[in-house]
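Student: here's a sequence, model it:
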Amino acid sequence: MFSFCADPSTLSEAAWLACYLTTGKHMAIYWSVGTVLVLLAITAPAALAFGFGGAAAARSKFLPLRWFGKTYIAIVRGVPDIAFFLFFVIALDQAFEWMRHKVKCPDWDQPIRQGNDFVVCDAAKLPLGNAAQWVHETYGFLLAVLTFAIVFGAFAANVLYGAMRAVPRGQLETAEAYGMTQRQCFWRILVPQMWVFALPGLSNLWMVLIKATPLLFLLGVEDIVYWARELGGAKTPRFTDYPHGDWRMWYFLALLVFYLILTRISEVVLARVMARLTRGQATMAGEAQRKAA
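Tutor: Have a look, this model is predicted:
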């Protein structure tokens, strides 16, 4: 990046390090930090939406919908995350291609399953073979977001389901006595009050989501853990202009600091949100605020 980086062998230690940290490959690890933050920004609301839908379904009076919600929560929470990520992404990708294959290649007369191979016509592949590299990366990232949202949505559903049950029944009965319908009781009484009970569990889930971002590597996304391992490994003069020994410890130490800073910022923000939600609520935290005031 710098003009004085043309000949690394002539540089002082500080200049050499500055040039080393601004190479093209190092830009990739800086971009991957943005990838992790974007993943969190998209996955968190998506998982919350899955969780809210799963919790609402689990408490539905319509029996098939209630079974569906409880089954979704039980199955996804009961399968190890790594196993789910490895299986679900492949299954989801093949499901998308199978649906496109049925639409775009109706005259296909060969079996799709050929031994261990999954074969569809070229027009049905996702993404297309001649697509640009950014299309392949975006598609892989979207699959990762959907997988994370489904997995953590099941945990969020369990938290929200418990929070809905924690709202005092007398609140709903009072609303019904005033003539509110079931829908009005749900949206005007239950949902606004459940968040104060759900936030402690959701905050823990947010921390787990942050720590689970290295699983992006399993989904084919080059995240910061991948680049830390790649760049920190020993490099010889034959393969790079900036040879060095095994520096993985320093790279992973930098990741440790990054995740500690991110979780600390999260703790501060969540504490303020909790204080705002408990204001005026009939909870221990709300009572503490009332006495302090």
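Student: check contacts around L40.
Tutor: 209-210, 213 (C-beta atoms under 8 Å, 6 or more residues apart in numbering). Quick note: C-beta positions are derived from backbone N, CA and C, even for glycine.
Student: M180: helix or strand, and which one exactly?
Tutor: For M180, there is no helix or strand it lies in under DSSP states H and E.
Student: can you list the residue ranges for strands in this protein?
Tutor: Remark: strands assigned in the chain by DSSP state E are 113-114, 117-118.
Student: so which of these gets nearest V191?
Tutor: With C-beta to C-beta as the criterion, V191 lies closest to strand 117-118 of those, at 42.3 Å.
Student: pairing partners for that closest one, with directions?
Tutor: strand 113-114 (antiparallel) (DSSP bridges).
Student: what does the partner strand rub up against?
Tutor: V119.
Student: chain center to that strand: distance?
Tutor: For strand 113-114, the separation from the chain centroid amounts to 32 Å (computed by C-alpha atoms, centre = their mean, to the nearest Å).
Student: for stretch 76-88, same thing?
Tutor: Per C-alpha atoms, centre = their mean, the centroid offset for stretch 76-88 relative to its chain is 14 Å.
Student: which outside residues touch that stretch?
Tutor: Against stretch 76-88 from outside (C-beta under 8 Å, 6+ apart): 147, 150-151, 153-155, 158, 212, 215, 218-219.
Student: distance of A166 from L160?
Tutor: 10 Å (C-beta to C-beta, to the nearest Å).
Student: got it, and A44?
Tutor: 14 Å.
Student: can you list the low-confidence ranges for the protein?
Tutor: Residues of the chain that meet the criterion pLDDT under 70 lie in 1-4, 6-11, 129, 238-239, 279-293.
Student: closest one of the contacts of stretch 76-88 to G24?
Tutor: L219 (23.8 Å).
Student: the closest one against T147, yeah?
Tutor: Yes: applying C-beta atoms under 8 Å, one finds L219 in contact with T147, separated by 6.6 Å.
Student: quick one on the thing from earlier: now which of the contacts of L40 would you call buried?
Tutor: Neighbour counting with 16 or more other C-beta atoms under 10 Å marks 209, 213 as buried within the contacts of L40.
Student: as a markdown table, the contacts of L40 with distance to F85 would be great.
Tutor: Output for the contacts of L40, formatted as a markdown table (distance: C-beta to C-beta, whole Å):
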| residue | distance to F85 |
| --- | --- |
| L209 | 13 |
| I210 | 16 |
| T213 | 12 |
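Student: pretty sure F252 sits against G232.
Tutor: Yes: assessed by C-beta under 8 Å, F252 is found in contact with G232 at 7.2 Å.
Student: about what we covered before: out of the contacts of stretch 76-88, which sit inside helices?
Tutor: If you go by DSSP state H, these have 147, 150-151, 153-155, 158, 212 in helices.
Student: highest neighbour count among those?
Tutor: In terms of neighbours by other C-beta atoms under 10 Å, the ones in helices among the contacts of stretch 76-88 top out with G153 at 26 neighbours.
Student: show me the contacts for it.
Tutor: So G153 contacts 46-51, 53-54, 76 (C-beta under 8 Å, 6+ apart).
Student: between the residues you listed, which is nearest F96?
Tutor: The closest of these to F96 turns out to be A46 (C-beta to C-beta; 17.5 Å).
Student: find the nearest non-adjacent residue to the closest one, please.
Tutor: In this structure, A46 finds its nearest non-sequential neighbour in A149, 3.8 Å apart by C-beta to C-beta, 6 or more residues apart in numbering.
Student: take the ones in helices among the contacts of stretch 76-88 and lay them out in a markdown table including distance to F258.
Tutor: Output for the ones in helices among the contacts of stretch 76-88, formatted as a markdown table (distance: C-beta to C-beta, whole Å):
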| residue | distance to F258 |
| --- | --- |
| T147 | 23 |
| I150 | 26 |
| V151 | 23 |
| G153 | 26 |
| A154 | 27 |
| F155 | 24 |
| N158 | 29 |
| A212 | 15 |
